[in-house]
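> Have a look at this prediction, sequence included:
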Amino acid sequence: MSDGGAGAGSAAVALRAAGDLWGRDVPASLARLRELYPGCEAGVIGPAGERGVLFASIVNNRGRSLGRGGLGAVMGAKRLKAVVVAGGGERRPPVADPERLAFVAYEAEKLLKANPITSQALPEFGTSVLVNVLDQAGALPTRNFRASQFEHAGAISGETLRRDYVQRRAACRGCGIGCARRTSTGDASGEGPEYESIWALGAACGVGDLKAIVEAGYACNRAGMDTITMGSTIACAMELTEEGLLADGPRFGDAAAVIALCEATARGEGLGEELGQGSARFAARHGRPELSMSVKALELPAYDPRGMTGQGLAFATSNRGGCHLRANMLGPEILGVPKMIDRFATLGKAGLLINMQNLNAVLDSLSVCKFTAFAMKEDYYARLLSAVWGETVEPQELLRVGERIWNAERLFNLAAGFSRADDTLPRRLLEEPVTEGPAAGRVVDLAPMLDEYYIARGWDTDGRPRPAKLERLGLADPRPAVGAAG
Amino acid sequence: MSSAVLEQFRRIGRDLFVAGLVSSHGGNMSVRQGDRILITRRGSMLAQLEERDLVDIGLEENDANVTLASTEIVVHRAIYQQTSALAIVHTHPPYAIAQSLVKDEIVPVDSEGSYLLHKVPVVEAQLTAGSAEVAELLPRWLKEYDLVMLRGHGPFAIGHLLEEAYQLTSVLEMACRILTISEGMGGELKEYRKGSDQYGSW
């Protein structure tokens, strides 16, 4: 990597040689960058990204990851180790109506403080509070989704994490919720684990040893790897072993193997080299592609759709595959936000899901934490933005922006060859009923849900946006939206 | 129609009547399902809804079922076409209607009403029931507020779920009862809410 040499300056952009940063793990890279650029903000990749692990993440200097989808592998392929923003001074965007902003922010804060999810559950336990909640609902995927309740859920729960490992809470800048956790096992310390990590490296692999799960999470964080895909890929390997298709492979419940495989994947050694390609490729290579619990080759997170069918539709229709961040029906199907709906019902959820997908697309664009949406509706975000801009932004306008983003992404996917056939779930979730617990006997009846969803989206039966829809969204000529893929 | 949807209509319809938010044959409700609307039948009794009382009709285009649909179908359709609403509840609550006859906006003074509504705009139309005038007027307001009061007639509340729209309606009527009682008592309101002087600008 050579110095691009745009030069120093308050608004200059420069490419610098990575030098001795290359090869360092995430914490060491960030420490070195802090030496080189005191006070900087940075996003780096670790050894996983450098080696091309397909689920490598980008980690910022507050320990938070852009975990899903393998953006770290993209950086690594371009031999880009870090992106650093350095320099002094406040460059806040101007606020048109500070008094109005303060008023609306105060009203929003009232909602956050009154809602037990944002004022108690997340601050007190972090996201890991969900382990027991999802287990009790029969929606905690266990042993590669072979079950939906885990007999060791209590041992790996948020309550246990707080009691035995949490050192202190942490929060993103200016956040009153503070869902992040600094933990220590005595032997090591670090960030997390979050709920998804506990699930992926724990219940998904049949592991009930929380200390091992925490340390496996640390290993992923050091290497810069997505814990969800890592855990889910190990779980896939465990099932292949149990099925006799992987000689000397790991077995469900083997905590030491989980840690060892995380480290081996980061180093590209042994079975780890294969695991670094993710579960879809791994399962296909070993002759059982259906054992990859993924959608569009992205591993599913910690919600079993057989216990919350709307989440199944959310996974199937997510533009980036098996992801809970594009839309999460946890609110209406489990937590009663905004209201409790029948989590096993098949029809009548598409509109709610679409609204959530559109809103989340906007929240991502605004860089707003999605947890605030447990307490706030779109009108609050619109009023906050109106105060900043000094002109009225209607909630409907925000949602329309989100709808436009969603459809533009859809057009990109269609241009890349995706179709209705890809808007599906792993066969297990469609055909294998849960055997025990509150979701016993359930599978996801996806086809009618998908039909209803396409109609509500204004798409044809194959999932292509209709011309009238594109016209209304200003996407009639999709080329600017889909770029090279068009 | 799924039994879960019918049950939701029945439950909320019954509650609306029992709470005194509608008269025997007054009010209407609907949900949006993709490009279809499921709306209560014209002349149906919300407290006694049966499957035959829910009418399935197009969102964009009319069909024969318009002969059965609520008088307000034109308003519901316009709201769905112009907002992200997935459910609408329209009622005739007495205290809210009384307040709308003397005010241009309703600003609750109770805690729950302040918290959930802040302010409710009161809009006016010459033809208040099922008119093109209301269909043109209401969606513009409902783009910014989840509940809008039609003077002398009643509120239209929207939500992602029927229960949300019902809740807003119920909160409005309770807030208006409290307003009416406290205003009737004379005396000066003891303010307890920081920033309440700005609620009118909500």
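Arrived safely. Because the structure is a prediction, the values reported are computed rather than measured.

> Buried residues of stretch A:331-346, list them for me.
Buried residues in stretch A:331-346, counting neighbours by 16 or more other CB atoms under 10 Å in any protein chain shown, are found at A:331-335, A:338-339, A:341-346. Quick note: C-beta positions are derived from backbone N, CA and C, even for glycine.

> same thing with stretch B:50-63?
For stretch B:50-63, the buried set under the neighbour-count rule, 16+ other CB under 10 Å, comprises B:53, B:54, B:55, B:57.

> likewise stretch A:412-426?
Within stretch A:412-426, judged by 16+ other CB under 10 Å, the buried ones are A:412, A:413, A:414, A:415, A:418, A:420, A:422, A:423, A:424, A:425, A:426.

> Out of the buried residues of stretch A:331-346, the closest to residue A:249 would be?
Each of the buried residues of stretch A:331-346 was checked against residue A:249 using CB to CB; the closest is residue A:334, at 33.5 Å.

> My read is that the closest one contacts residue A:139, right?
Yes. With contact defined as CB atoms under 8 Å, residue A:334 counts as touching residue A:139 (7.0 Å).

> shared neighbours of these two, anything?
A shared contact of residue A:334 and residue A:139, defined by CB atoms under 8 Å, 6 or more residues apart in numbering or on different chains, is any residue touching both; here these are A:308, A:343.

> right, is stretch B:61-76 up against chain A?
No. Judged by CB under 8 Å from any CB of the partner chain, stretch B:61-76 and chain A are separated, with a smallest distance of 12.8 Å.

> Start and end of that stretch, how far apart?
Its first and final residues considered, stretch B:61-76 spans 13 Å by CA to CA, to the nearest Å.

> Spatially central residue for chain B, please.
In chain B, the C-alpha closest to the average C-alpha coordinate belongs to residue B:156, at a distance of 2.7 Å (CA atoms, centre = their mean).

> May I have the beta-bridge partners of the residue lying closest to it once chain neighbours are set aside?
Closest residue to residue B:156 in three dimensions, ignoring its sequence neighbours and counting by CB to CB, 6 or more residues apart in numbering or on different chains: residue B:90, at 5.1 Å. Each beta-bridge partner of residue B:90 is listed here, defined by DSSP bridges: residue B:28, residue B:156.

> Was I right to think residue B:90 contacts residue B:154?
Yes. Applying CB under 8 Å as the test, residue B:90 and residue B:154 come out as touching, 6.2 Å apart.

> Tell me which residues touch the residue in chain B that chain A sits nearest to, please.
Across chain B, the shortest distance to chain A (CB to the nearest CB) belongs to residue B:34, at 3.6 Å. Contacts for residue B:34 were tallied using CB under 8 Å, 6+ apart; they are A:350, A:351, A:452, A:455, A:456, B:59.

> Residue A:378 now?
Residue A:378 makes contacts with A:359, A:362, A:395, A:398, A:399, B:84, as judged by CB under 8 Å, 6+ apart.

> Next, give me the two most distant ones among these.
Among those, the pair separated by the greatest distance (CB to CB) is A:362 and B:84, at 11.7 Å.

> what touches both of these two?
In terms of CB under 8 Å, 6+ apart, residue A:362 and residue B:84 are both contacted by the residues A:378, A:399.

> Let me have the buried residues of stretch A:412-426 in a markdown table, extended by distance to chain B and secondary structure.
Supplementary listing: those in a markdown table, determined by distance: CB to the nearest CB, whole Å; DSSP: H, G, I helix; E, B strand; the rest coil:
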| residue | distance to chain B | secondary structure |
| --- | --- | --- |
| A:412 | 23 | helix |
| A:413 | 21 | helix |
| A:414 | 20 | helix |
| A:415 | 25 | helix |
| A:418 | 22 | coil |
| A:420 | 16 | helix |
| A:422 | 21 | helix |
| A:423 | 16 | coil |
| A:424 | 20 | coil |
| A:425 | 21 | coil |
| A:426 | 26 | coil |
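
> Please identify which pair of these lies farthest apart.
The most widely separated members of these, counting by CB to CB, are A:415 and A:426 (25.2 Å).

> hang on, isn't residue B:143 packed against residue A:395?
Yes. When contacts are counted by CB under 8 Å, residue B:143 is listed as touching residue A:395 (6.9 Å).

> Which one's more surrounded, these two?
Neighbour totals were compared for residue B:143 and residue A:395, and residue A:395 leads with 24 against 21 (other CB atoms under 10 Å in any protein chain shown).

> any idea how far the more buried one is from residue A:337?
To residue A:337, residue A:395 is 17 Å away according to CB to CB, to the nearest Å.

> same deal with residue A:297?
Residue A:297 is 30 Å from residue A:337, by CB to CB.

> can you give me the strands in chain B?
Along chain B, the segments classed as strands by DSSP state E run B:28-33, B:36-40, B:54-58, B:87-90, B:105-106, B:120-123, B:147-150, B:154-159.

> Now mean pLDDT and distance to residue A:263 too, for these, in JSON lines please.
What follows is the strands of chain B, written out as JSON lines (pLDDT from 0 to 100; distance: least, CB to CB, whole Å):
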{"stretch": "strand B:28-33", "mean pLDDT": "95", "distance to residue A:263": "50"}
{"stretch": "strand B:36-40", "mean pLDDT": "95", "distance to residue A:263": "54"}
{"stretch": "strand B:54-58", "mean pLDDT": "94", "distance to residue A:263": "58"}
{"stretch": "strand B:87-90", "mean pLDDT": "98", "distance to residue A:263": "51"}
{"stretch": "strand B:105-106", "mean pLDDT": "98", "distance to residue A:263": "63"}
{"stretch": "strand B:120-123", "mean pLDDT": "98", "distance to residue A:263": "60"}
{"stretch": "strand B:147-150", "mean pLDDT": "98", "distance to residue A:263": "56"}
{"stretch": "strand B:154-159", "mean pLDDT": "98", "distance to residue A:263": "50"}
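
> between those, which one is nearest to residue A:374?
strand B:154-159 (16.5 Å).

> Using PDB, write out every CA atom in the closest one.
What follows is strand B:154-159, C-alpha atoms only, in PDB (Å, rounded to 0.1, in the frame of the first residue of the first chain):
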ATOM      1  CA  GLY B 154     -65.400  12.400  15.900                       C
ATOM      2  CA  PRO B 155     -61.800  11.400  15.800                       C
ATOM      3  CA  PHE B 156     -60.000   9.400  13.100                       C
ATOM      4  CA  ALA B 157     -57.100   7.400  14.700                       C
ATOM      5  CA  ILE B 158     -54.500   5.500  12.800                       C
ATOM      6  CA  GLY B 159     -51.900   2.900  13.700                       C
END
